[in-house]
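> Let's see this in three dimensions:
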Amino acid sequence: MPQLRSRKKARFSADPTTQNAPEEAILRKCHLARLPFELLAEVLSYMRSSRDVLALSRTSRHFREILVDNPATDFIWREARARCSTGPIPDPLPSLSEARYAAFLYNSGRCEICNKKTSRPYHSVSLRVRTCDTMKCQDTWRSHTRILSADEQEEHSDILRWIPRMELQDEAADPIVHVRLSDWNQALDEYREAKLLGPDALSEYLQKKQALADTMPERMEWYKKVTAWMTTLQKKRKLFTEIALTWQVKIYHMSRSSNESPLSTRSASDHALILGCTRYELLHLPTYSIAHHAKIRCEERWVPGEFEAVKGTVVAEMDALKARKQHRILESIKKGRRADVKSEYARMKSGEDPTKPLPSLPEFRSLPVVEAVEGSTTPRDPKLSNPFVASVLKGNLEQWLDNARTALAAVLGFPGWKTMSKRKLHPVDRLTARFRCKKCDAAGKDTGLDDSVLPVHNLSLRRPAPPKLMTKMASRQLHPESNI
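Numbers count the residues shown, from 1 in each chain. Reported below is the predicted structural model:
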């Protein structure tokens, strides 16, 4: 039996030397991954916080296996915590590993109220509360807490031994206890239920919570330290964000006097001047925005060569941004002009003569002058309300009316109808014409006649006649708005 040919195509490679090489060998390895462990630990020992080590551990599986949940590399995390620019980070609890502790401190999360993603740290570490910057969410969160008075603390002292509460730096000066309302109601219901079941059930319940009560003082002290450090981090981030640009500009002028590279310390405002744009536009570019905010988070400044490395990408993104902005401006102008045309059409339709025929709005937009007005992309171009444009529009409407009358006459059986007589009415006007009688005009009676009164005035034909003859006789005897 002949052997069937495989349908699977061989992988193509442009390099013939790697045609049969394994895929792992073709991939380009990171230079940092080639370093021995001792040199890697020496490099990471200069990190300014454990956040940088956490970011490196999330780049590849290789660094994850080395840095995450590896007791041999815990010293790297400890040195990074001690060297943090905000201040030494407190030691983690025994139940937390170094990597999980760094993720707990630096990971972003969602606001508990509006569910929007926020980079703000925990408002309360003990209660695991995270809110965004809006005052509405912070005020709403306060309504989800319960403030226990001194009497309630004394009455429910057994529950207060283990229930989580908000960290207060000085509990002696401020003895008020803040707890989460849902946690308090649940603990109170469990305590009352155990109390109703008898002393044995209550003793068993308290014994079950004793483990939490024993560790609560130590945990509360740790919560206070971490909350104080997070508060300092938040304040320093806000302060550095406000003064970072001014600080960089000052250093830029100092560097110019010392013959340093102008791009070494330039801020976003100076980079915007180089690209010929505003700082607002520059910070909305993906590439530059990531680098700019990374500098602010790490409290670093631009070094020589960094901006040149991303300048080509930033210029391309800026061109695309300006093209999108120009497109939005043109679309906004066209939208406004279409709205003006619609309002002018509505005004003409409800004007002095409502019976005057007008085209439909889509056909009105197809008139030459209206198309020119709508297609204009300059705000200073005249609108339909301009006297000159209004006169041209009047001519276009008269031309449209003539074409419409000619088309309707063709439908009525008079294609290409023309006459030099002033007494012959257009076929379209005959549809709504009123006839006049000489006798009634002489007697001063109502001269408006219709088909029902024609026999009374002896104007009806006594015997049938061919259609052409009837048309000819009617044109001779009965002329709309003319004497018979």
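> Which stretches in the stretch 151-300 of the chain count as strands?
177-180 (DSSP state E, counting those that start in this stretch).
> Low-confidence ranges, it, go.
169-174, 239-266, 297-299 (pLDDT under 70).
> Would you map the helices across it?
157-160, 181-197, 199-257, 268-275, 279-283, 286-298 (DSSP state H, counting those that start in this stretch).
> Make a markdown table from those and add distance to Glu306 and mean neighbour count to it.
Every C-beta, even on glycine, is put in place using the N, C-alpha and C of the backbone. Formatted as a markdown table, the helices of the stretch 151-300 of the chain follow (distance: least, CB to CB, whole Å; neighbours: other CB atoms under 10 Å):
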| stretch | distance to Glu306 | mean neighbour count |
| --- | --- | --- |
| helix 157-160 | 54 | 16 |
| helix 181-197 | 48 | 14 |
| helix 199-257 | 13 | 14 |
| helix 268-275 | 11 | 17 |
| helix 279-283 | 15 | 16 |
| helix 286-298 | 7 | 15 |
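> would you list those in CSV and tack on distance to Leu32?
CSV is the format used below for the helices of the stretch 151-300 of the chain (distance: least, CB to CB, whole Å):
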stretch, distance to Leu32
helix 157-160, 51
helix 181-197, 45
helix 199-257, 27
helix 268-275, 28
helix 279-283, 29
helix 286-298, 18
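> do you know which of those lies nearest Gly351?
Gly351 lies closest, by CB to CB, to one member of the helices of the stretch 151-300 of the chain: helix 279-283, at 46.2 Å.
> Select, out of the helices of the stretch 151-300 of the chain, the one closest to Glu65.
Evaluated over the helices of the stretch 151-300 of the chain, closeness to Glu65 peaks at helix 286-298, with 25.4 Å, by CB to CB.
> Identify whichever of the helices of the stretch 151-300 of the chain lies nearest to Ser95.
helix 199-257 (9.8 Å).
> I figured Leu358 hits Lys394, correct?
No. If you go by CB atoms under 8 Å, Leu358 and Lys394 don't touch, sitting 11.9 Å apart.
> The two: which is more packed in?
For Leu358 and Lys394, the more surrounded residue by other CB atoms under 10 Å is Leu358, and the numbers stand at 15 against 11.
> Tell me the secondary structure at that one.
The three-state label given to Leu358 by DSSP: H, G, I helix; E, B strand; the rest coil is coil.
> quick one, what contacts it?
Residues in contact with Leu358 (CB atoms under 8 Å, 6 or more residues apart in numbering) are 345, 348-349, 364, 397.
> And for Phe37, the neighbour number?
By other CB under 10 Å, 10 other residues sit near Phe37.
> which residue packs closest to Leu212, ignoring adjacent ones?
Excluding the flanking residues, the one nearest Leu212 by CB to CB, 6 or more residues apart in numbering is Trp162, at 3.9 Å.
> what's near enough to touch that neighbour?
Contacts of Trp162 (CB under 8 Å, 6+ apart): 209-210, 212-213, 216.
> can you put those in TSV and add distance to Glu154?
Shown next, in TSV, are those (distance: CB to CB, whole Å):
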residue	distance to Glu154
Lys209	18
Gln210	20
Leu212	20
Ala213	17
Met216	18
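> Which one (most neighbours) among the contacts of Leu358?
Most surrounded of the contacts of Leu358: other CB under 10 Å gives Phe364, at 20 neighbours.
> and that residue, what helix or strand is that in?
For Phe364, the host element (DSSP states H and E) is helix 361-365.
> Same question for Val370.
Using DSSP H and E, the element containing Val370 is helix 368-374.
> Name the next helix or strand downstream of that helix, please.
With DSSP H and E, the next secondary element past helix 368-374 is helix 387-411.
> which strands and helices sit next to that next one?
With contacts taken as 3 or more CB pairs under 8 Å, 6 or more residues apart in numbering; DSSP states H and E, helix 387-411 sits against helix 368-374.
> List the buried residues for the helix it packs on?
Using 16 or more other CB atoms under 10 Å as the test for burial, helix 368-374 gives 369-370, 373.
> which among those gets closest to Pro94?
When those are compared for distance to Pro94 (CB to CB), Val373 wins out at 76.3 Å.
> number of nearby residues for Ala407?
Neighbour tally, Ala407, other CB under 10 Å: 11.
> again, but for Ile113
19.
> So it lies in a helix, does it not?
No. With three-state DSSP as the criterion, Ile113 is assigned coil and is not in a helix.
> residues touching the closest residue to it other than its chain neighbours, list them.
Distances taken as CB to CB, 6+ apart put Cys137 closest to Ile113, at 4.0 Å, once the chain neighbours are dropped. Residues in contact with Cys137 (CB under 8 Å, 6+ apart) are 111-114, 131.
> Which two among the contacts of Leu358 are spaced furthest apart?
Farthest-apart pair in those is Lys349 and Leu397; separation 12.0 Å (CB to CB).
> Now Ser374. Nearest residue, chain neighbours left out?
Ser isn't right for residue 374; it's Glu. Using CB to CB, 6+ apart and skipping residues adjacent in sequence, the residue nearest Glu374 is Arg337, 5.2 Å away.
> separation between the one you found and Asn386?
From Arg337 over to Asn386 the distance is 13 Å, taken as CB to CB, to the nearest Å.
> of these two, who's got more company?
Neighbour tally, Arg337 and Asn386, criterion other CB under 10 Å: the higher count belongs to Arg337, 20 against 13.
> correct me, but the more buried one touches Pro382?
No. Taking contacts as CB under 8 Å, Arg337 lies outside contact range of Pro382: 10.8 Å.
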